[in-house]
Structure formats: structure tokens, C-alpha cells
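**Student:** structure of the sequence below:
(one chain, ligands or ions: 1)
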Amino acid sequence: MKSWVVGNWKLNPASASAVQALVDDLVDGVDAQSNALQSCHIMVAPSLLHLSQVENTLRTKSAAIDLACQDVSALSAQSGAYTGDVSAEQLQDLGVQWAIIGHSERRQYYNEDNDTLLKKMSHSAAQGLGVILCIGESEADFEAGNTTQVLADQLTVIADFLKQSEAADADYIANKLIIAYEPVWAIGTGKVPSVEEVTEVHKFIRERLQSFDATLAKTPVLYGGSVKPENAQDFAASEQINGVLVGGAALKADSFLDIAKAFSK
Ligand SMILES: O=C[C@H](O)COP(=O)(O)O
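**Tutor:** Okay, the predicted model is just below:
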């Protein structure tokens, strides 16, 4: 299975010129190091405002980088009177291939719950967008030993999605779902769990997924939270870690591609 290295740019960079510099450096780096990156899917998730600019560069300069959005409307899969929202259909029409949903920052700041995420997932699937579902426990839950209970609750979105037979065909289930485990206390902090801890959590996630549908045993499970070039190799060594979701280190092409190379060996 090829690894997945996904860059979540979050609310960065601030200017179109900085976005262009970053995506140009990424395209040039991927092209120059294509042999060293053959075993890795590389994906970037710019700010909504910059998706079109990045899509244009990726389409005209490099087919080797997939494009994701950081959010998608829960209110409609297509169009409607929803000021400020962006639909899965609009994103798919633009050339976006994946949608990150359930990121802890959106759960925290926008109160995204399982009902909301089920709608986002259903709308994405209806338009053929792959879904990267983010799950992860808070520091308080980690300290209290509640990690697996929290993750089990967050994963029920997948079970509910599968029950909606019209949205979950076998091909979609097998090829368009990714889970990203991101312990909230490791995001942006420089703190990381041990590879052994992440490996055990990923085993639990995979067992839960398989209990929903046997096909999901192969669903890629990524790790996210302070991944850097210095620690990427350690995470890449675990067979349970199928890639990473990278924030800060994705904002410089060389550090992001160093992480991708670590997952391409
Ligand atoms: O989506 C990315 C994760 O939130 C990790 O962010 P980070 O690499 O800055 O800790």
C-alpha cells in the first residue's frame, strides 16, 4: 500500500503570492525527486480561497499532487441559499479530489458533531469526493485513559454512513475513505506520542472499522500531530501508520517533501 502524506495548510499562507511560491516549490520538488517519492501519495489542502489558484498550478504543472479541501458544506451537496458555504459539487467541479472533515479545530471552533460530519461525508460521497475523517482525543481524555472510547464514538460516523446504502457503494468504501488520527494535545505543540502508542491506537481504529465492514480493514489510517522531518522516519517504520497529516511542516516545501520521502522508502 502506498503511503499518504497530506499537507493541511490551515489558515496559511496569508497572501496569494506566498501560496504561489509554496505550490511552485512543491511542484518543482516533486518533479525533481519523483523517484524518491514513488511510493507515496502526496496531497495538499490549501485555504478555500486559494483552491482555484493551487488547482490551476497543479493541473498545468504536475499531476503528481492531489488536491483536498479543509471543509465542505453539511447543508447541501450541490447548491442553495447557504451564505458562505461551499458544496461538494462546487469543489468537485473545481477539481478537488478529497475533503478533510472533522478536524479537531473545526470540532472545537464550529462545534462540528457526528450529525454534522455524517452530512458532510454523505454530500462528499454523493459528489465523488474522497473523505479524510479526522479523529482524536483531548489531553484530558488522554490523561484519563479515555482515548479508545472517544475514538469509538467519533468512528460511529463511518458506521452510520455505511448504513445509508445509497451513499456508500463498495468502490467508494474501498478507495475513498481515509482516517487521520490526531491526538489534539499533539497538534501544533511539538509533543508527539510514541510510535508504539500510535501503533496501538491505529490497531484499535482498524479493528473498529473492520467491525463495520470487512472492506474497511484496508482503509488507510494516518497519524497527525507535530510530524516533522526529524520524527517522520520513526512513524514511517510502523506498518500500522499508513501516512501522515501534516500542518506546520507542510508550509515549507523542503520539510514537507522530506516527510514524504521518509514515507516513500
Ligand atoms: O492537520 C494537521 C494537524 O492538525 C497537525 O498539525 P501540526 O503538524 O502543525 O501539528
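**Student:** residue contacts, the closest residue to the ligand within the stretch 1-150 of the chain?
**Tutor:** Residue of the stretch 1-150 of the chain nearest the ligand, by Cβ to the nearest ligand atom: residue 8 (3.4 Å). All C-beta spots, glycine's among them, are computed from the backbone N, C-alpha and C. Residue 8 makes contact with 45, 70, 100, 103, 224, 245, 246, 247, 250, according to Cβ atoms under 8 Å, 6 or more residues apart in numbering.
**Student:** at 6 Å what do you get?
**Tutor:** 45, 245, 247 (Cβ atoms under 6 Å, 6 or more residues apart in numbering).
**Student:** for the first one, list each beta-bridge partner.
**Tutor:** Each beta-bridge partner of residue 45 is listed here: residue 8, as defined by DSSP bridges.
**Student:** could you tell me the end-to-end distance of stretch 120-136?
**Tutor:** One end of stretch 120-136 to the other measures 18 Å (Cα to Cα, to the nearest Å).
**Student:** pLDDT averaged over that stretch - what is it?
**Tutor:** Stretch 120-136 carries an average pLDDT of 96.
**Student:** so what touches it?
**Tutor:** 72, 74, 77, 88-89, 92, 98-104, 151, 154, 161, 167, 172, 176-184.
**Student:** the residues you listed also near the ligand: which ones?
**Tutor:** 103, 182 (Cβ under 6 Å from any ligand atom).
**Student:** run a quick neighbour tally on the closest residue to the ligand within the stretch 151-265 of the chain.
**Tutor:** Residue of the stretch 151-265 of the chain nearest the ligand, by Cβ to the nearest ligand atom: residue 247 (2.4 Å). Using other Cβ atoms under 10 Å, the number of residues around residue 247 comes to 21.
**Student:** so what's it closest to, chain neighbours aside?
**Tutor:** residue 8 (5.4 Å; Cβ to Cβ, 6 or more residues apart in numbering).
**Student:** residue 204 reaches residue 148, doesn't it?
**Tutor:** Yes - taking Cβ atoms under 6 Å as the definition, residue 204 is a contact partner of residue 148 at 5.4 Å.
**Student:** please convert the contacts of residue 8 to a markdown table, extending it with pLDDT.
**Tutor:** Below are these laid out as a markdown table (pLDDT from 0 to 100):
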| residue | pLDDT |
| --- | --- |
| 45 | 98 |
| 245 | 98 |
| 247 | 98 |
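**Student:** just the element for residue 91, please.
**Tutor:** helix 88-94 (DSSP states H and E).
**Student:** so for that helix, what gets flagged as buried?
**Tutor:** Within helix 88-94, the residues that count as buried by 16 or more other Cβ atoms under 10 Å are 88, 89, 90, 91, 92.
**Student:** quick one, phi psi at the residue nearest to the first one when sequence neighbours are not counted?
**Tutor:** With sequence-adjacent residues excluded and distances taken as Cβ to Cβ, 6+ apart, residue 88 is closest to residue 127, at 3.8 Å. The phi/psi pair for residue 127 (degrees, to the nearest 10) reads phi -100, psi 10.
**Student:** check residue 223 too.
**Tutor:** phi -110, psi 140.
**Student:** that one reaches residue 245, doesn't it?
**Tutor:** No - counting by Cβ under 6 Å, residue 223 does not reach residue 245; the two are 7.4 Å apart.
**Student:** list residues touching both of the two?
**Tutor:** With the criterion set as Cβ under 6 Å, 6+ apart, the contacts of residue 223 and residue 245 do not overlap.
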